[in-house]
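Asks: Generate coordinates for the sequence data below:
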Amino acid sequence: MDFYDNGLLEINLHLGYGLHENCLFNNLNIGCAIQAEFCVNEYGQFTYINDAMCCLSEYSRQELLEMTLVDIDTSLVSQNWDDIWNLLKKNGSTKLLSHYQTKTNLTVNVSVSICYVKQNLVEFACAFVSHTILHQSSKQLIPALFV
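Replies: The predicted model follows:
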């Protein structure tokens, strides 16, 4: 699997992924959500990014559309993503604690709820990201109410 295969980007653009006008994402009405949200294909390549995800990652939408989740999630490697994708297809959803590396090299602790979607024979995963902070007394990650 080649995460940097430009053919994947061309296929996504041909299918309309990543375009704000895409009716699927307009129907989900996630483009202007406060919570960071994105969709990825089976290879982990971003196919849709909302404004909040751009703010969280410090990357532009176009930059993210040319990247994969593995590029920003320091908790993942290619094999992990394959395992997560297979788990998503089997169970429909999962929740992960991860660390995202921003464009300016900051590490952001996040909780990610991700679900598998198949529509019109196209498979992808939609993720909903919550910024988390480490609670010092219990050493547990808790969702941050305000970032």
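Asks: I figured Val40 hits Glu123, correct?
Replies: No: between Val40 and Glu123 there is no contact under C-beta atoms under 8 Å: 10.4 Å. Backbone N, C-alpha and C define where each C-beta goes, glycine included.
Asks: secondary structure class for Trp81?
Replies: helix (DSSP: H, G, I helix; E, B strand; the rest coil).
Asks: Tell me which of Val40 and Glu123 has more neighbours.
Replies: Val40 (24 against 13; other C-beta atoms under 10 Å).
Asks: What does the pLDDT read for the more buried one?
Replies: Per-residue pLDDT puts Val40 at 97.
Asks: Which pLDDT value belongs to the residue nearest to Leu76 when sequence neighbours are not counted?
Replies: Leaving out its chain neighbours, the residue that sits closest to Leu76 by C-beta to C-beta, 6 or more residues apart in numbering is Val70, at 5.0 Å. pLDDT for Val70: 95.
Asks: what's the burial count for Val70?
Replies: 19.
Asks: my read is it is in a helix, agree?
Replies: Yes: counting by three-state DSSP, Val70 is found in a helix.
Asks: Now do it against Asn80, distance only.
Replies: 8 Å (C-beta to C-beta, to the nearest Å).
Asks: what do you get for Ser113?
Replies: Counting by C-beta to C-beta, the gap from Ser113 to Asn80 is 17 Å.
Asks: Strands of this structure, start to end?
Replies: With strands called from DSSP state E, the chain shows them at 36-40, 46-49, 93-101, 107-119, 122-135, 140-143.
Asks: got the angle for the first one vs strand 93-101?
Replies: Spelled out, that is strand 36-40. 110 degrees (axes from the mean of the first three to the mean of the last three C-alpha atoms, to 10 degrees).
Asks: Not counting its own residues, what contacts strand 36-40?
Replies: Surrounding strand 36-40, the residues in contact under the criterion C-beta atoms under 8 Å, 6 or more residues apart in numbering are 17, 25, 30, 46-50, 52-53, 55-57, 64, 68-69, 110, 117, 124-131.
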